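here are the coordinates; sequence isn't available:
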């Protein structure tokens, strides 16, 4: 692991150790901080703990949807490749 990287989320500083480089860690921290702030602004009066849980849920939901979309795209590409391969083989015979 690399040396710890200092990030700021909801005005709190954290030291993050990761195998990722510092620029990636800062991008992730910025992304998380933006989500936290969006939730904090849209739902007044929530504790930081509840904000964190809602942000985690929101991020996980988006991740799982993108994962599903990618899997669907991969299946579509595989099916198209099989179809094209079959068409090429039929043409060559």
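Done, it's in. Everything quoted here is computed from the prediction, not taken from an experiment.

now stretch 37-54, how far from the centre of its chain.
19 Å (Cα atoms, centre = their mean, to the nearest Å).

and the residue positioned nearest the centre of the chain, how far from residue 47?
By Cα atoms, centre = their mean, the chain has its centre lying nearest to residue 63, at 4.9 Å. According to Cβ to Cβ, to the nearest Å, residue 63 and residue 47 sit 24 Å apart. Any C-beta I mention is one placed from the backbone N, CA and C, and that applies to glycine too.

and if you look at residue 74?
Separation of residue 74 from residue 47 (Cβ to Cβ): 40 Å.

same question, residue 25
Residue 25 is 26 Å from residue 47, by Cβ to Cβ.

more neighbours: those two, which one.
The residue with more neighbours, out of residue 25 and residue 47, is residue 25; 19 against 8, by other Cβ atoms under 10 Å.

is the more buried one in contact with residue 16, as I believe?
Yes. Residue 25 lies in contact with residue 16 (Cβ atoms under 8 Å); the separation is 5.4 Å.

cool, thanks, talk later.
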